[in-house]
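**Q** Could you look at this predicted model? Sequence included:
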Amino acid sequence: SAMRDERIKKTKTVCTYCGVGCSFDVWTKDRKILKVEPQAEAPANGISTCVKGKFGWDFVNSEDRLTKPLIREGDTFREAEWEEALNLVERKFTEIKSEYGPDSLAFITSSKCTNEESYLMQKLARGVIGTNNVDNCSRYCQSPATVGLFRTVGYGGDSGTIKDIEKAGLVLIVGSNTSESHPVLSTRVKRSHKLRGQKLIVADIRKHEMAERADLFVHPKAGSDMVWLSAVTKYIIDKGWTDHDFIQQRVNGFEKYKKSLEPFTLEYAEEATGITRENLIKIAEAIHEAEGTCVLWAMGVTQHIGGSDTSTAISNLLLVTGNYCKPGAGSYPLRGHNNVQGASDFGSMPDRLPGYERIADEKVRAKYEKGWGVKIPEKPGMNNHEMIEGIHAGVLKAMYVKGEEMGLVDSNINHVHAAYEKLDFFVVQDIFFSATAQYADVVLPASPSFEKEGTFTNTERRIQRLYQVFDPLGESKPDWQIIMEVANRLGAGWNYGHPSEIMEEAASLSPIYAGVRYDRLEGYNTLQWPVNADGTDQPLLFADGTFPLPDGKAILYPVQWSKPIDFGDEYDIHVNNGRLLEHFHEGNLTYRSKGISMKTPEIWLEVSPELAEERGIKDGTLVRLTSPYGNVKVKTLVTDRVQGNEVYLPMNDSGEAAVNLLTSSFSDKDTDTPAYKETMAKMEILKYE
Ligand code: SF4
């Protein structure tokens, strides 16, 4: 009937499954999701979505949702009223702060939550508790890319738009499983490769779909990307193929950088990386001949002990060839979560305030102190890796983790769980009773993106609004409201009526978001930072030929190769790890979506035909992998996507096959991003299917 139809509602939202930032309308009737309908005007995706964006939303109404706060009693939990749970948080935070000082508390925000929520979490840590111990999960993925770009070009984001990639003559993909991790972005690359003659080169240790499509696929030895990138750059310089004018006018440090490349001869690179001399030359020639080169990279680059340096090498290569400041060129570190970019943009980092302004800078602190009306601590805080060590060392006593399944996605989780058990007080705020929540003293029920308003910033620095589809389920609440209640109990006196007011405050303090206002982001309108006060934005960074560095010039930043960690000969299997198209991370969301979990109910270990032959493995053989840190049990799939002793374990299991039972606590030397990709194990066969 007509009345029934009136209950049908259409709401614009933004996907929370990856950094592409697809936006679409959701059709609902009461709490039922009728369909997801992408719109042509959606800037990142137009009328496309992938399987997760289209079908991955049942979790919002899952019976497993937390609808009331939980308080630990011995080994179990009981439901509690908000009043009681928040009183407990207030009392314990106050006690611990007065006994051990503000730096005995730590705060983790989520890259799945909104910009406004990240802003409030760091404001709570700094302005209310008085510590810079605040971080987010970009530390697990793209912090090294951010550092590599800050060192060289001054902004840590994609230098152009997703659409601009189509204009490139060459797309070079390094360590990114683009078609599964950033599906809609990959379809744009596939289309321009197929229809417009764009060249595609892929360097990876796994022959994924993009590698199969590539004009040239090279398989470097694991952890050697920095070497071949440097050798290709050296070859280009030696041949005189650099962009002389660009370097002259816009780049500092050329001579010193050129000298640093001396060791990276073709001979050396061939030996160290296993890529043939011919292929190294082919890559250099392709860059030289292309009308613009875009480099896309992800965790295959960043999650190593030299992740920041390899990211730096990519940016150096782009600089010497003049591949910045124009569309169809530049750096594309592909962000994992929907709001990895935004969580860092809004200051949930131990050494930076919103807009990446340094906590160590007295003028910056003074600005925030005036804005917030409180004193801000000067000493940079602990990152999430240091927090775990801090707990083990007895320095850190309490933690507040929001929307982050740290207990599964951090590396070496046996070590992480042992830390959680030592905490005096642990608050976990989530939509599900996560693996992390099992260690909590108080669990606070939050609302997912469909139940709140706010903004996300996607991989191309695009700020987009999401609108509320449903009321919060049960007694759950949007994260920003919960943080505000915690802060106010600790004396903050915050009074935000809507996320737009939080953004207004953040924009007044952070220059790169200066002109961001909700009325400029209505519906499908978006802005790409930096946004000037008058509302003009910058889809293409450095478009005027200057870089946000001291004299407006970019910097060629010499780096050295960090050889992969040696775990000893006993551990002879290299365990590569990453995503699957269908599932999201530990699977808390996607295993609760029927359409997806029916299609892909479990994960498997990819084993090469050579290794299968040698060890007598077939499809479905149950194996155990053991590293120095733990072990997993998983069934195998024999495939030529992987080679030799390199196996691939998707990260999407929360049980016996959780990859982080194997990973170590080694991390990138510049950012502490776990070296997930440097994981070695030994393998034994448990059972044939
Ligand atoms: Fe969501 Fe990414 Fe898929 Fe787009 S490509 S629908 S943002 S998971």
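**A** Sure, I can see it.
**Q** any idea how far residue 491 is from the closest residue to the ligand within the stretch 1-150 of the chain?
**A** Using CB to the nearest ligand atom, residue 53 is the residue of the stretch 1-150 of the chain that sits closest to the ligand, at 2.3 Å. (Glycine included, C-beta is placed from N, CA and C.) Distance of residue 53 to residue 491, computed by CB to CB, to the nearest Å: 41 Å.
**Q** between the two, which one's more packed in?
**A** Between residue 53 and residue 491, counting by other CB atoms under 10 Å, residue 53 is the more crowded of the two (24 against 10).
**Q** A strand includes the more buried one, no?
**A** No: according to DSSP: H, G, I helix; E, B strand; the rest coil, the state of residue 53 is helix, so it is not within a strand.
**Q** Now for the nearest residue to it once chain neighbours are set aside: which residues touch it?
**A** Using CB to CB, 6 or more residues apart in numbering and skipping the chain neighbours, the partner closest in space to residue 53 is residue 15 (4.3 Å). If you count contacts by CB atoms under 8 Å, 6 or more residues apart in numbering, residue 15 has them with 21-24, 49, 52-53, 338.
**Q** Most neighbours of all these, which one?
**A** Among the contacts of residue 15, where neighbours are counted by other CB under 10 Å, the top count belongs to residue 21, at 30 neighbours.
**Q** Surely it touches residue 462?
**A** Yes: under the criterion of CB atoms under 8 Å, residue 21 makes contact with residue 462 at 5.9 Å.
**Q** shared neighbours, the two?
**A** Overlap of the contact sets of residue 21 and residue 462 (by CB under 8 Å, 6+ apart) consists of residue 44.
**Q** my guess is residue 65 is in a helix, correct?
**A** No: if the criterion is three-state DSSP, then residue 65 is coil and not within a helix.
**Q** Who are the contact partners of it?
**A** Applying CB under 8 Å, 6+ apart, the residues contacting residue 65 are 59, 431-432, 445, 473-474, 476.
**Q** Please convert the buried members of these into PyMOL selection syntax.
**A** A single PyMOL command suffices to select whichever of the contacts of residue 65 are buried according to 16 or more other CB atoms under 10 Å:
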select buried, resi 59+431+432+445+473+476
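**Q** longest helix of this structure?
**A** With secondary structure taken from DSSP state H, the chain has its longest helix at helix 82-100.
**Q** mean confidence for that one?
**A** Computed over helix 82-100, the mean pLDDT rounds to 98.
**Q** Check which helices and strands that helix is in contact with.
**A** Other helices and strands packing on helix 82-100, by 3 or more CB pairs under 8 Å, 6 or more residues apart in numbering; DSSP states H and E, are strand 70-73, strand 105-108, strand 398-402, strand 425-430, strand 442-445, helix 479-489.
**Q** Can you lay out the ones you listed as a markdown table showing mean pLDDT?
**A** What follows is the helices and strands packed on helix 82-100, written out as a markdown table (pLDDT from 0 to 100):
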| stretch | mean pLDDT |
| --- | --- |
| strand 70-73 | 98 |
| strand 105-108 | 98 |
| strand 398-402 | 98 |
| strand 425-430 | 98 |
| strand 442-445 | 98 |
| helix 479-489 | 98 |
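**Q** and residue 669, how many residues sit next to it?
**A** Residue neighbour count, defined by other CB under 10 Å, stands at 16 for residue 669.
**Q** Make 36 the first number, not 1, from now on.
**A** In the new count, where the first residue is 36, that last one comes out as residue 704.
**Q** Let's see the pLDDT reported for it.
**A** Among the per-residue scores, residue 704 shows a pLDDT of 95.
**Q** Is it in contact with residue 597, as I believe?
**A** Yes: using CB under 8 Å, residue 704 makes contact with residue 597 at a distance of 6.8 Å.
**Q** For the residue of the stretch 336-485 of the chain found nearest the ligand, which non-adjacent residue is closest in space?
**A** For the stretch 336-485 of the chain, the residue positioned closest to the ligand under CB to the nearest ligand atom is residue 373, at a distance of 6.6 Å. Excluding the flanking residues, the one nearest residue 373 by CB to CB, 6+ apart is residue 51, at 4.5 Å.
**Q** Repeat that for residue 594.
**A** Ranked by CB to CB, 6+ apart and with sequence neighbours excluded, the top spatial neighbour of residue 594 is residue 344, at 3.9 Å.
**Q** Looks to me like that neighbour is in a helix.
**A** Yes: Residue 344 sits within a helix when classified using three-state DSSP.
**Q** which of the contacts of residue 50 sit farthest apart?
**A** When the contacts of residue 50 are compared pair by pair using CB to CB, the two farthest from each other are 58 and 87, 14.1 Å apart.
**Q** where does residue 636 land on pLDDT?
**A** In the prediction, the pLDDT value recorded for residue 636 is 64.
**Q** can you check residue 191 too?
**A** 88.
**Q** who's in contact with it?
**A** When contacts are counted by CB under 8 Å, 6+ apart, residue 191 is found next to 180-182, 184-185, 368, 379, 391.
**Q** Local confidence estimate at the closest residue in space to residue 265 that isn't next to it in sequence?
**A** Setting aside the residues directly before and after it, residue 265 is nearest to residue 299 in space (CB to CB, 6+ apart), at 4.1 Å. Note for residue 299: predicted pLDDT of 98.
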